[in-house]
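> What would the 3D arrangement of this be:
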Amino acid sequence: MRYHLQFRFFLGILSVLAGGFIFVSCNSSINTPDVTPTEIIASPTITPTITPTQTPQPPLVVLIAPPSSDPVLADNLQSLLSELATQAGLQFNLTQIFTATDFSTNDIRIVFSLPPDPGIAEMAAAAPNTQFVAIGIPGLQASSNISLISTSVNRPDQAGFLAGIIAATTTDDFRVGVIYPSETALGKAARRGFSKGVSFYCGLCQPVNPPYPLSNYPLFYELPAAAVQLDWDAAIVYFNEWQVKTIYITPDLTDIGLSEYLAKADFQIISHGTPANSLQDKWTASIGTGDALQMVQSHWEDFLSGKGGFTIEAPIEISFANERQLSPGKRHFIDGILSDLSNGYIDTGVDPVTGEWKP
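Numbers count the residues shown, from 1 in each chain. Next comes the predicted model:
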């Protein structure tokens, strides 16, 4: 009976163990599902679209050089202004035509212009914040934003005086003369200035050898308003009669070929402008004005800072010299007189506007 109970107890334990085994096996199969791995895709980063903004262009410096302007001066100004504009962080533009409407689409700091006048006054009125610089353009008035640079002889009396000094210094027996149009104030001022310059150097200017003109040298010859070659021939006869060797031709006669005509007639010439290569042996000197480029450069900072209203008159100078006629010693002497003349230490005694002697 005891063995029977033990056996039943043993079977009970086996049943419990077997059932636990089955329970664990079943739970293992149910609680371990198949998991399919999923791929994780990162969302793309959205970069905002940036609309490019236009970089503001630097202000402009403009040179107006019309087709008929001096090409050499235009080229030299172009080089200078381009360099100055670049140094100041500005743009440079060269153009032949420019009008007031161009200011509506451009930021323009300074406008330089060569003749003929492209309408500076109208443009200055339309662009009051722009500085205008007229180089060698007559008939304009300076204003708050218009400056004038003169490239012509504004003191014909001083030009004549300097020519008289050169003529008397380089000519034997002071046999010199001047030819001019009598009806112009400029011609009269230059003629009287020449007379004063000659006498400043040689006093009475009496020659050692004949002929002896009653009025002494210099001699004068007036051309009529509409002079022709016959008038030029008459002037040559007159000057040859008195053995004149050097002739000064006033500024208002330099564009009609008279200088060349007289040079070919074997006179030494003092005039204005640059002589042709074929005439340089007969050309003692030319009276000119200061370099326009130098005047632009000396006032550049004023123009750049918005200052205007300047009237800049170029001082006279010797723009061409025949070294055979003007030795270094003579040139040194003449340059000293020119310095005193330009600085006001020498007065010609001539009114440069009317051409008459001052009272």
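
> Now do the same contact list for Ile110.
Val61, Val62, Thr130, Gln131, Phe132, Val133, Phe303, Leu304 (C-beta atoms under 8 Å, 6 or more residues apart in numbering). From N, CA and C alone the C-beta is placed, and that goes for glycine too.

> need the next SSE after the host helix or strand of the second one, C-terminal direction.
Assessed by DSSP states H and E, Val62 sits inside strand 60-64. Following the chain from strand 60-64 toward its C-terminal end, the next helix or strand by DSSP H and E is helix 71-87.

> and the helix or strand following that next one, which residues are buried?
Helices and strands here follow DSSP H and E; after helix 71-87, the next one along the chain is strand 91-95. Buried residues in strand 91-95, counted by 16 or more other C-beta atoms under 10 Å: Gln91, Phe92, Asn93, Leu94.

> what does stretch 326-345 give?
Applying 16+ other C-beta under 10 Å to stretch 326-345 flags Leu326, Arg331, Ile334, Ile337, Leu338, Leu341, Ser342 as buried.

> any residues touching it, and which ones?
Outside stretch 326-345, the residues that touch it by C-beta under 8 Å, 6+ apart are 158, 161-162, 165-166, 169-170, 200, 284-285, 315-318, 321, 346, 348.

> 7 Å instead?
Identification of contacts with stretch 326-345 by C-beta atoms under 7 Å, 6 or more residues apart in numbering yields Gln158, Phe161, Leu162, Ile165, Ile166, Thr169, Thr170, Ala285, Pro315, Ala321, Ile346.

> Name only those of those that count as buried.
Neighbour-count burial (16+ other C-beta under 10 Å) applied to the contacts of stretch 326-345 gives Gln158, Phe161, Leu162, Ile165, Ile166, Thr169, Thr170, Ala285, Ala321, Ile346.

> Domains of this structure: list them as residue ranges, please.
When the chain is parsed with automatic domain parsing, its domains come out as 60-150, 156-288+327-342.

> And the average pLDDT for the first one is what?
In this model, domain 60-150 has an average pLDDT of 92.

> next one: that domain to chain centre, how far?
Remark: domain 60-150 is offset 9 Å from the chain centroid, using C-alpha atoms, centre = their mean, to the nearest Å.

> Run me through the strand neighbours of the strand holding Val62, direction for each.
In the sheet, strand 60-64 lines up against strand 91-95 (parallel), strand 108-113 (parallel) (DSSP bridges).

> Quick one: low-confidence residue ranges for the protein.
Scanning the chain with the threshold set as pLDDT under 70 gives 1-55.

> can you give me the helices for it?
2-30, 71-87, 120-126, 156-170, 185-202, 229-241, 258-264, 292-298, 300-304, 328-342 (DSSP state H).

> buried ones in the fifth one?
Neighbour-count burial for helix 185-202 flags 186-202 (criterion: 16+ other C-beta under 10 Å).

> Can you tell me how far Ser259 is from Pro213?
Between Ser259 and Pro213 the distance is 23 Å, computed by C-beta to C-beta, to the nearest Å.

> So which of those two has more stuff around it?
Neighbour totals were compared for Ser259 and Pro213, and Ser259 leads with 26 against 18 (other C-beta atoms under 10 Å).

> can you count the residues close to the nearest residue to that one once chain neighbours are set aside?
Excluding the flanking residues, the one nearest Ser259 by C-beta to C-beta, 6 or more residues apart in numbering is Ser271, at 4.7 Å. Around Ser271 there are 25 other residues, counting by other C-beta under 10 Å.

> Which residues are in contact with Ser271?
By C-beta under 7 Å, 6+ apart, the contact list for Ser271 reads Ile249, Thr254, Ser259, Ser286.

> which of these are buried?
Ile249, Ser259, Ser286.

> Might one say that Gly349 is in contact with Lys196?
Yes - the criterion here is C-beta atoms under 7 Å, and Gly349 meets it with Lys196 at 6.0 Å.

> Skipping its backbone neighbours, what lies nearest Lys282 in space?
Lys282 sits nearest to Ala263 (C-beta to C-beta, 6+ apart), 4.1 Å away.

> tell me the centre residue of this protein?
Leu77 (3.6 Å; C-alpha atoms, centre = their mean).

> what's Tyr261 in contact with, if anything?
For Tyr261, the contacting residues are Trp232, by C-beta under 7 Å, 6+ apart.
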